[in-house]
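Visitor: I need the structure of the sequence given here:
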Amino acid sequence: MALVNKPKKGKRKIRDSGEREIMDSRKAKTKDPSKVKRAKSNGSLAALPADLRGPDTEWWYAFLSKHAELHKDAESGGSVPVPSDEEEAFRYFFRTSRRTFDYICSIVRDDLISRPPSGLINIEGRLLSVEKQVAIAMRRLASGDSQVSVGAAFGVGQSTVSQVTWRFIESMEERARHHLVWPDQERMEDIKARLEALSGLPNCCGAIDATHIIMTLPAVESSEDWCDPAKNYSMFLQGIVDDEMRFIDIVTGWPGSLPVSRLLKCSGFHKLCEAGKRLNGPVRVSGEDAEIREFIVGDMCYPLLPWLMTPYEAENLSAPMVNFNARQKTARMLGTRALARLKGSWRILHKVMWRPDKNKLPSIILVCCLLHNIILDCKDELLTGIQLPVHHDTGYKEENCKQENPSGKVMRETVTGHLPTFEAVLN
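Guide: Now for the predicted structure:
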């Protein structure tokens, strides 16, 4: 992810995976975590005796006890209860299994041990373990709760939550980047095959979508640059995902006031595609001997380009056009669902952020995308109901770009003519 400084109106940090050199996309292997023993009493969680716990589990049981103490009145008032199963409770609070959590700890351990911020002690006067620091940071990102609330649940102060979370983000941004890379050709061929099996689209490499990260700004920083069409102050996140809803390219740091089409054009991904350095793999040949190049799919807010297929928009569409739109939507919704899962898992991106540092916010967004991918790479599973039940960008009107590149129109017609009809598939 390259850092781009924009001179106009001060410096702005942009996180753009398209600006980085294409890297090998081998998945990281997880380490074998220690087993966590469980004890239940009448269906509720019970702490294990000290001699039965692993060396890094004490923080977890202290957290459970503190959370129950802080929220006993709220839970009796009808809010969603914490799962009684310990493994599910862990996922509820931190979004990952213990195995994946331990892997994340292994990524940042050296940084958190060798360069700890000053004053990281809890209220009992003991140094925070790496596991507890990671838990504090992940709980802050997962819940979106205030630093005061998160600190109270872990027995630390607001400033400690702030320091720990930022140290975690800095380390993840540096050491976990291999979890968000553009696929090499071998992996891309697998992605294209699975997307074709899902949607019928040949040579489709992924889906693109964008969402607003809403924030409040102090009066001195409030400007029309950051005021979006819904009258919110926001920052954009644009993501391209594969068939498993894994992010393979992102760009963030740009104001939410931009049209989505402009956001695309500002991205490194757009520059690489236009230069023939991305989506440049083997072509497919249609039944009429026309070439079908690699492409991604997007909604009407994006322009129709030779490498970006958008739906047909007109009255009285022909049957082949309707067929294309249906298949394009099947693939396109992967991007929409990925952003809904991202913002549902890491609620700091879904809630309104209170006066964030706009230079740090792109890093927070990037690390949430990395955590999203790590869950997939570790073959972990989210709890049911974590994904947002509605669209990831509620309150925003759908944009319509209406830009159609002539070569893009020809490409879309070629793909449309190549597709079998739904009736043919059913038979």
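Visitor: show me where this structure has strands.
Guide: Under the criterion DSSP state E, the chain contains strands at 2-3, 15-16, 40-41, 44-45, 204-216, 233-241, 247-255, 284-285, 291-292, 295-297, 308-309, 353-354.
Visitor: tell me the centre residue of the chain?
Guide: residue 369 (3.3 Å; CA atoms, centre = their mean).
Visitor: Now it. Nearest residue, chain neighbours left out?
Guide: Distance criterion CB to CB, 6 or more residues apart in numbering; nearest residue to residue 369, sequence neighbours excluded, is residue 247 at 4.9 Å. C-betas here are computed from N, CA, C, even on glycine.
Visitor: buried residues in the longest helix along the chain?
Guide: Ranked by number of residues, the top helix in the chain under DSSP state H is helix 319-345. For helix 319-345, a neighbour-count test (16 or more other CB atoms under 10 Å) marks 321, 323-325, 327-328, 330-345 as buried.
Visitor: likewise stretch 90-104?
Guide: Within stretch 90-104, the residues that qualify as buried are 90-104, counting by 16+ other CB under 10 Å.
Visitor: ditto for stretch 185-202
Guide: Neighbour-count burial for stretch 185-202 flags 187, 188, 191, 192, 195, 196, 199, 200, 201, 202 (criterion: 16+ other CB under 10 Å).
Visitor: Where does the prediction get shaky in the stretch 51-200 of the chain?
Guide: Across the stretch 51-200 of the chain, the ranges flagged by pLDDT under 70 are 51-56, 72-80, 115-126.
Visitor: please redo it, this time with the cut-off set to 80
Guide: Scanning the stretch 51-200 of the chain with the threshold set as pLDDT under 80 gives 51-57, 71-81, 114-126.
Visitor: got the residue ranges for the helices in it?
Guide: Secondary structure of the stretch 51-200 of the chain by DSSP state H, counting those that start in this stretch: the helices cover 58-76, 86-94, 98-114, 130-143, 147-154, 158-175, 185-199.
Visitor: likewise the stretch 301-427 of the chain?
Guide: Going by DSSP H, counting those that start in this stretch, the stretch 301-427 of the chain shows helices at 319-345, 361-377, 406-418, 422-426.
Visitor: For the ones you listed, which has the smallest mean pLDDT value?
Guide: If you rank the helices of the stretch 301-427 of the chain by mean pLDDT, helix 422-426 sits at the bottom with a mean of 43.
Visitor: so residue 90 makes contact with residue 60?
Guide: Yes. Contact criterion CB atoms under 8 Å: residue 90 and residue 60 qualify, at 7.3 Å.
Visitor: of all the buried residues of stretch 90-104, which comes closest to residue 216?
Guide: Using CB to CB, residue 95 is the member of those that sits closest to residue 216, with 25.1 Å.
Visitor: any idea how far residue 373 is from the closest one?
Guide: Per CB to CB, to the nearest Å, residue 95 is found 13 Å from residue 373.
Visitor: before we move on, what about residue 114?
Guide: Plainly put, residue 114 is 25 Å away from residue 373 if you go by CB to CB.
Visitor: Also residue 152?
Guide: Distance from residue 152 to residue 373, by CB to CB: 31 Å.
Visitor: Same drill for these two, tell me which one is more crowded.
Guide: For the pair residue 152 and residue 373, the greater number of neighbours falls to residue 373 (25 against 18), based on other CB atoms under 10 Å.
Visitor: Please name the nearest non-neighbouring residue to the more buried one.
Guide: That would be residue 179: by CB to CB, 6+ apart, it lies 4.5 Å from residue 373.
Visitor: And residue 359, by the same measure?
Guide: Going by CB to CB, 6+ apart, residue 359 has residue 13 as its nearest residue, at 4.8 Å.
Visitor: Is that neighbour in contact with residue 362, as I believe?
Guide: Yes. Counting by CB under 8 Å, residue 362 is a contact partner of residue 13 at 4.9 Å.
Visitor: who touches both of the two?
Guide: residue 253 (CB atoms under 8 Å, 6 or more residues apart in numbering).
Visitor: returning to that earlier point: nearest to residue 389, of the buried residues of stretch 185-202?
Guide: Scanning those for proximity to residue 389, where the rule is CB to CB, the winner is residue 199, at 23.9 Å.
Visitor: Might you report the residue contacts of that closest one?
Guide: Per CB under 8 Å, 6+ apart, neighbours of residue 199: 327, 328, 330, 331.
Visitor: quick one: which of those is nearest residue 83?
Guide: Once CB to CB is applied, the member of those that ends up nearest residue 83 is residue 330, at 32.6 Å.
Visitor: Pull up the gap between that closest one and residue 420, please.
Guide: For residue 330, the distance to residue 420 - CB to CB - is 14 Å.
Visitor: swap in residue 227?
Guide: 46 Å.
Visitor: Compare those two and say which is more crowded by neighbours.
Guide: residue 227 (16 against 12).
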